[in-house]
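Enquirer: After the sequence you'll find the predicted model.
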Amino acid sequence: MTGTQAVLFVLFILRLNRETNGFLSISPDKIKRLSDYFLVRSPEVFNRVNQPDLSSTRALSSQAQGAVPPGGVGGSGYRVSETQFQEKYFQQVLDHFNFNSYGDGTFKQRYLITDQYWDRGQGPIFFYTGNEGDIWAFALNSGFITELAAQEHALVIFAEHRYYGKSLPFGDASFKVPEIGLLTVEQALADYAVLITELKKQLNATASPVIVFGGSYGGMLSVYMRLRYPNIVTGALAASAPVVSTAGLGDPRQFFRDVTLDFERYNPACKDAVKSAFRQLENLAKLQDYGRIQAEFSLCATPSSWRDVHQLYGFLRNGFTLMAMLDYPYSTHFMGNLPANPVKVACDTILNGTDMLRALRDTVGIVYNSTGELACYDLYTLYIECADPTGCGLGSDSLAWDYQACTEVELCYESNNVTDMFPVIPFTEQDREAYCRKKWGVSPRPGWLRTQYWADALSTASNIIFSNGDLDPWANGGIRNSLSPSLIAINITDGAHHLDLRGSNVADPASVRNVRKREAEIIAQWIKAGS
């Protein structure tokens with residue numbers, strides 16, 4: 001699960017709290033209605049019912065700010081404001097690679113743009129390669145880009161990925177077969193190449209160098225843009241981009257091993273306590289003591305089968321995954337009310353508990369019940385198993401990511417209770433194949449991203465920064481060592497998932513402040529050479 005998928009998930013919980021007064025008087029009809037809101041297959045309905053929440057989310061993140069933070073790029077106190085950006089739409093080609101399939105068909109691709117700092121026609125263009133979610137979530141939580149734009153007098157564009165947010169090629173039918181077949185990495189990259197080229201013409205900026213930015217999957221896309229369209233893109237900053245593991249070269253044990261390591265790093269006893277709690281849960285499941293399981297974990301429905309227990313395992317593991325990824329040194333309200341240093345808070349919670357099962361419940365409640373108002377958990381509403389074991393999130397964006405994980409993006413991670421602290425939950429290539437054929441009628445293509453976009457065989461490429469934080473479980477699926485003087489790996493001590501792309505904050509560790517300054521220096525060199 002990426003950070004953006006977590007946004008949708010937490011928005012669901014917040015709406016659920018508001019409409020049910022904490023589940024205290026909830027009816028089955030209301031649960032179904034709320035579930036339909038967020039799990040509906042109609043993207044237009046999904047966007048309509050969620051738009052108010054996304055707006056309030058933006059408002060939480062939007063504060064007035066100066067041109068650059070105190071101390072310059074890498075300083076403190078910078079916040080991106082919604083009012084900086086204009087929301088626009090571009091008539092994008094439906095199918096870039098088949099002239100017969102849809103003819104001259106187009107769809108409306110959303111993008112955000114600000115020329116607040118731009119030296120018009122002369123300054124560079126900073127382009128964010130949108131990933132699996134609403135583009136506003138990225139724009140308002142990638143403050144480093146606008147900080148740097150103020151310093152480099154750059155135009156800033158955030159482009160939304162096809163099939164996400166409001167960029168739906170077929171409207172309500174976008175997630176049906178065969179319409180969803182146009183959701184590929186190749187089509188998304190071509191969208192960005194066409195959009196950049198056309199906007200440069202419209203803005204009389206054909207000589208302006210373009211630097212692409214992205215985090216997580218978006219960071220992968222930034223790398224791929226530099227590889228596929230070096231005639232358009234001068235350089236790329238790829239933050240927390242797992243270009244190796246998603247190309248099928250990763251260790252399936254790595255991700256949940258590294259999630260575990262985050263908690264163990266804070267306190268080795270934390271890992272032991274989590275394993276002990278899961279062991280108790282497993283024993284209850286073997287005894288089929290489902291009533292006790294319901295009571296201990298405050299479930300809305302009593303489990304009745306191994307399938308329900310498996311769902312509970314995934315629900316719990318997902319909570320720890322989110323806390324490891326989002327282990328920022330300050331609270332992040334844009335994803336709900338996650339506290340500062342959530343891994344520390346989680347460990348303190350489970351280590352201070354007197355009943356291990358209830359302590360485990362309370363620990364994942366940091367994610368699932370940040371308001372403290374939920375009286376029970378509906379496992380199948382709050383967590384959906386999919387082709388990405390790290391989580392697909394909820395809502396229509398989760399459908400798009402599930403499809404991508406069934407086709408090009410390889411995410412065969414599993415927990416084994418030996419190298420990690422979680423129950424044994426396998427997810428092999430065979431499991432992926434069976435799931436994807438049943439869900440989407442497709443067979444994955446193992447190794448396709450490696451063939452198309454090189455994975456770790458990047459020695460002939462240039463001008464790419466690969467940044468990774470040592471707290472991020474995605475980091476070891478990416479490039480951790482520099483490959484050449486212009487293929488630069490930067491490791492961030494005490495850095496969580498693409499922390500360097502976030503706006504400067506007084507709580508930032510010195511490591512990320514220094515990394516942002518180094519990134520700014522490298523990018524300035526690219527701009528100078530490309531101008």
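Expert: That came in fine, so what should we check first? Residues are numbered from 1 along each chain as shown.

Enquirer: Which residue ranges of the stretch 51-200 of the chain form strands?
Expert: When secondary structure is read from DSSP state E, counting those that start in this stretch, the stretch 51-200 of the chain shows strands at 86-93, 106-114, 125-129, 155-159.

Enquirer: export those to a markdown table and tack on distance to residue 390 and mean pLDDT?
Expert: (Glycine included, C-beta is placed from N, CA and C.) As requested, the strands of the stretch 51-200 of the chain are arranged in a markdown table below (distance: least, Cβ to Cβ, whole Å; pLDDT from 0 to 100):
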| stretch | distance to residue 390 | mean pLDDT |
| --- | --- | --- |
| strand 86-93 | 29 | 98 |
| strand 106-114 | 26 | 98 |
| strand 125-129 | 20 | 98 |
| strand 155-159 | 24 | 98 |
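
Enquirer: Quick one: closest of these to residue 452.
Expert: Minimum separation from residue 452 across the strands of the stretch 51-200 of the chain (Cβ to Cβ) falls at strand 125-129, 15.6 Å.

Enquirer: which residues of the stretch 51-200 of the chain score low on pLDDT?
Expert: 51-79, 81-83 (pLDDT under 70).

Enquirer: all helices of it, in order?
Expert: 135-139, 143-152, 185-202 (DSSP state H, counting those that start in this stretch).

Enquirer: quick one: buried residues of stretch 260-268?
Expert: 260-264, 266-267 (16 or more other Cβ atoms under 10 Å).

Enquirer: that older thread, what's the most buried one of the helices of the stretch 51-200 of the chain?
Expert: helix 135-139 (a mean of 26; mean count of other Cβ atoms under 10 Å).

Enquirer: what about dumping the CA coordinates of that one to CSV?
Expert: Output in CSV follows, covering the C-alpha atoms of helix 135-139 (Å, rounded to 0.1, in the frame of the first residue of the first chain):
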residue,chain,number,x,y,z
ILE,A,135,-3.3,14.2,-7.8
TRP,A,136,-4.2,16.7,-5.1
ALA,A,137,-2.9,14.3,-2.5
PHE,A,138,0.6,14.4,-4.1
ALA,A,139,0.6,18.1,-4.8
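
Enquirer: helices or strands next to that helix in the packing?
Expert: helix 3-20, helix 43-61, strand 106-114, strand 155-159 (3 or more Cβ pairs under 8 Å, 6 or more residues apart in numbering; DSSP states H and E).

Enquirer: Include mean neighbour count when you put the strands of the stretch 51-200 of the chain into JSON lines, please.
Expert: Formatted as JSON lines, the strands of the stretch 51-200 of the chain follow (neighbours: other Cβ atoms under 10 Å):
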{"stretch": "strand 86-93", "mean neighbour count": "15"}
{"stretch": "strand 106-114", "mean neighbour count": "21"}
{"stretch": "strand 125-129", "mean neighbour count": "27"}
{"stretch": "strand 155-159", "mean neighbour count": "27"}
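
Enquirer: just so I know, which of these lies nearest residue 415?
Expert: Across the strands of the stretch 51-200 of the chain, closest to residue 415 is strand 125-129 (Cβ to Cβ), at 30.4 Å.

Enquirer: Just the angle for that closest one relative to helix 185-202, thanks.
Expert: Compare the direction of strand 125-129 with that of helix 185-202 by axes from the mean of the first three to the mean of the last three Cα atoms, to 10 degrees and you get 160 degrees.
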